[in-house]
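> quick one, what's the 3D model for this:
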Amino acid sequence: MEVAEKTAFERVINARDPERPYALDLFSSIFTEFIEIHGDRRYADDAALVCGFARLDGSEVGVIGHQKGRDTKQRQQRNFGMPKPEGYRKALRLMKLAEKFGRPVITFIDTPGAYPGIDAEERGQAEAIALNLREMAGLKVPVIVVVLGEGGSGGALAIGVGDRILIMENAVYSVISPEGCAAILWKDAGKAEEAAACLKLTANDLSGLGLVDEIIREPSAWRVAKEEDNGAKRDFDVVVESVRSSLLKHLRELQKRTHSELIRDRFDKFRKMGQWL
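Numbering: from 1, shown residues only. Alright, predicted model coming up:
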């Protein structure tokens, strides 16, 4: 499904818009009876990743999402949506609980990447991401991934191994940020716009490459509405219903499959990615 044309870097700017809805906005709009879990049972709780159980049209599901925060205080608390190892271990704890009790898992990606600080590296950041990749590949329950805003590198992929990968129209999903790519290739972060085009990170690019299963359309004004902003509220409600309908459609399809079929098809899906013909 083709969507209206914008440059790749315009999509990046849109994906980073602080007024776009975050995971908690959708948790409260799409799901009911959301109960959050905290902590990784090893070190601490990571507020950059929100995890819990909820109901989707009566079905019990596990939900995970990056959360950036809106004002300065929230962004500091949420570490700008960049998880540390304890965040990924908390997410894995949720996924294993969901698997134990036969609950599908739904994840929402919106992060510039995993936190690169030395304290995160000391606590095993790379190992935590790698472990999630391995364990998600073998989960015996349906896994649906929604790229909500920014999907950056391993920080996104650590909750991104799923049976279905959906992406919002203005979201982006890439191995590196355009600025980081430009700094490496041309030693000039100012060439981020050129790098964004090369990275093929837009919804249309990813769909054409077979990396995502569905693009969810969104109006240009889709954002968190202030109390008096009825237009934004209408747009938000329309998109929320589109996301909800898409989740239900894919969930019903996946729930018809056996455990072995889910794992086999998920393995085949990711093995095909990156093949050069």
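
> from here on, just use CA atoms for contacts and neighbour counts.
OK.

> quick one: the helices in the stretch 51-200 of the chain, in order.
Secondary structure of the stretch 51-200 of the chain (DSSP state H, counting those that start in this stretch): helices located at 72-77, 85-100, 118-122, 125-137, 153-157, 178-185, 192-199.

> contacting residues for the most centrally placed residue in the chain?
When C-alpha atoms, centre = their mean is applied to the chain, the residue found nearest the centroid is Ile109 (1.3 Å). Ile109 sits next to Gly65, His66, Val145, Val146, Val147, Leu148, Gly149, Glu150, Gly151, Ala156, Ile159, Gly160 when contact means C-alpha atoms under 8 Å, 6 or more residues apart in numbering.

> leaving out chain neighbours, which residue sits closest to it?
In space, and not counting its chain neighbours, Ile109 is closest to Val147: 4.7 Å by C-alpha to C-alpha, 6 or more residues apart in numbering.

> and that neighbour, how far from Gly274?
When distance is defined by C-alpha to C-alpha, to the nearest Å, Val147 is 19 Å away from Gly274.

> neighbour-wise, which of these two wins?
Taking other C-alpha atoms under 10 Å, Val147 and Gly274 do not tie; Val147 has more neighbours (27 against 10).

> circling back: any idea how far Phe101 is from the residue nearest to the centre of the chain?
24 Å.

> picking that back up, export the helices of the stretch 51-200 of the chain to JSON lines and tack on mean neighbour count?
Converted to JSON lines, the helices of the stretch 51-200 of the chain look like this (neighbours: other C-alpha atoms under 10 Å):
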{"stretch": "helix 72-77", "mean neighbour count": "14"}
{"stretch": "helix 85-100", "mean neighbour count": "23"}
{"stretch": "helix 118-122", "mean neighbour count": "13"}
{"stretch": "helix 125-137", "mean neighbour count": "18"}
{"stretch": "helix 153-157", "mean neighbour count": "23"}
{"stretch": "helix 178-185", "mean neighbour count": "17"}
{"stretch": "helix 192-199", "mean neighbour count": "18"}
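
> and these as TSV, adding mean pLDDT?
As requested, those are exported to TSV (pLDDT from 0 to 100):
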stretch	mean pLDDT
helix 72-77	94
helix 85-100	98
helix 118-122	96
helix 125-137	97
helix 153-157	93
helix 178-185	94
helix 192-199	95
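
> want to throw those helices into JSON lines with distance to Glu19?
Output for those, formatted as JSON lines (distance: least, C-alpha to C-alpha, whole Å):
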{"stretch": "helix 72-77", "distance to Glu19": "13"}
{"stretch": "helix 85-100", "distance to Glu19": "24"}
{"stretch": "helix 118-122", "distance to Glu19": "28"}
{"stretch": "helix 125-137", "distance to Glu19": "28"}
{"stretch": "helix 153-157", "distance to Glu19": "20"}
{"stretch": "helix 178-185", "distance to Glu19": "21"}
{"stretch": "helix 192-199", "distance to Glu19": "22"}
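
> out of those, which gets nearest to Val239?
Nearest to Val239, of all the helices of the stretch 51-200 of the chain, is helix 153-157, at 22.0 Å by C-alpha to C-alpha.

> off-centre distance for that closest one?
Chain-centre distance of helix 153-157: 9 Å, with C-alpha atoms, centre = their mean, to the nearest Å.

> could you do stretch 127-135 as well?
Distance, centroid of stretch 127-135 to centroid of chain: 16 Å (C-alpha atoms, centre = their mean).

> nearest residue to Ile216 in space, please, no chain neighbours.
Met168 (4.8 Å).

> relative to Ala54, how far out is Glu36?
Counting by C-alpha to C-alpha - Glu36 and Ala54 are separated by 9 Å.

> what's the answer for Gly208, then?
Taken as C-alpha to C-alpha, the span from Gly208 to Ala54 is 33 Å.
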